[in-house]
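Q: Quick one, what's the 3D model for this:
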Amino acid sequence: MSSNNAPCNKFECKICGKIYKRRSGLTRHAMTIKEANSVKSTIYDLPEKAIEETRQVLVYHIKERLKQHSKHVGNVHIMVNCTESQFFGVFKGHIHNYYPRTGNYKCIFKGVDSYSTLSHILGDDNCGAKYFLQHQKTFVLTYQLPSNPSNHPDPLQKSCLYQESDPLQEPDPLQELHLCQEPDPLQEPDPLQDQTLMHAARKQRTRKPKPIQIVIGWKRKSKSDVRNIVYSSGFAFINFTISRTKVVDNLY
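A: Down below sits the predicted model:
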């Protein structure tokens, strides 16, 4: 679950990316993960049939967000009614965070093996893919292909040779100004503007790209009316990124 092979004597959790200066910190982190997967007093045993039905419900809601049109690609957030016991029955052993104060859970799936792990949990090899006419495929993005597509193939992206640009990413106006504008030789340099542009360029260089990952969690939402009568329900939430590609027939 975690790895201590990070360079410069830093110890990194390969699931969430958190870095610790000492091995003991990573060890404590691993113990916290283990405790998060322990059965709580609020959880009751469910028959396997009930857990299987919960898996099918989650797969249904994921696949319903996989549309054919390109306007549906990008980041997606889903919420599904789900009890704590149902969520724990499906994801026990793969829970990465538990928050005792709120009772919330969180699972993180990323990397080359993330899709195979999630499909095993949900019991469906096609839980994150949907096929359409004209050889089109819409899928849950779990891993960003390296520049050489022959290295580290993703089981969901083995037919994707060209990656579409992110339609949700806005251009950085400061970066465009810095790269495209010619300086005016008659204009006195503004030291404050130069400092702002240098700071923006430095921030652009150090900004880490948003990780490609699937986050699945559980939380309870409570509301009340004017008489302070409280009502609540549990929800599973799923955050992921959708992409599209052409299917190469001889690979399927």
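Q: ok, G103 - contacts?
A: 42, 84, 219-220 (Cβ atoms under 8 Å, 6 or more residues apart in numbering). In short, each C-beta sits where N, CA and C put it, glycine included.
Q: would you say C107 is within a strand?
A: Yes - assignment of C107 by DSSP: H, G, I helix; E, B strand; the rest coil places it within a strand.
Q: So the residue nearest to it when sequence neighbours are not counted: helix, strand or coil?
A: Of all residues not flanking C107 in the chain, I216 sits nearest, at 4.6 Å (Cβ to Cβ, 6 or more residues apart in numbering). Secondary structure, three-state DSSP: I216 is strand.
Q: I'd guessed I216 sits against I238; true?
A: Yes - the pair I216 / I238 is scored as a contact, 5.1 Å apart, by Cβ atoms under 8 Å.
Q: just to revisit the earlier point, how many other residues sit next to the residue nearest to C107?
A: Counted with other Cβ atoms under 10 Å, the neighbours of I216 add up to 26.
Q: can you pull the contacts of it?
A: I216 makes contacts with 91, 106-107, 109, 236-239, as judged by Cβ under 8 Å, 6+ apart.
Q: picking that back up, in helices only, show me the contacts of G103.
A: The helices, defined by DSSP state H, take in E84 from the contacts of G103.
Q: from the contacts of G103, which single one is nearest L66?
A: K219 (24.0 Å; Cβ to Cβ).
Q: which residues pair with the residue nearest to that closest one when sequence neighbours are not counted across the strands?
A: In space, and not counting its chain neighbours, K219 is closest to N104: 4.4 Å by Cβ to Cβ, 6+ apart. Under the criterion DSSP bridges, N104 forms beta bridges with Y99.
Q: Can you report how many residues lie near N104?
A: N104: 15 neighbours (other Cβ under 10 Å).
Q: how far away is it from E84?
A: N104 is 10 Å from E84, where distance means Cβ to Cβ, to the nearest Å.
Q: Name the residues contacting each of the two.
A: 218, 220.
Q: between the contacts of I216, which is closest to H77?
A: Lowest distance from H77 to these (Cβ to Cβ) belongs to N239, with 5.4 Å.
Q: show me what contacts the closest one?
A: N239 neighbours (Cβ under 8 Å, 6+ apart): 75-78, 214-216.
Q: Name the member of the residues you listed with the most neighbours.
A: Neighbour counts for the contacts of N239 peak at I216, which has 26 neighbours (criterion: other Cβ under 10 Å).
Q: confidence score at it?
A: The model reports I216 with a pLDDT of 97.
Q: same check, this time on the one 4 residues further on
A: At R220 the predicted local distance difference test score is 95.
Q: pretty sure it is touching A236, no?
A: No - applying Cβ under 8 Å as the test, R220 and A236 come out as separate, 11.1 Å apart.
Q: ok, these two, which is more surrounded?
A: Neighbour count, other Cβ under 10 Å: between R220 and A236, A236 has more, with 25 against 14.
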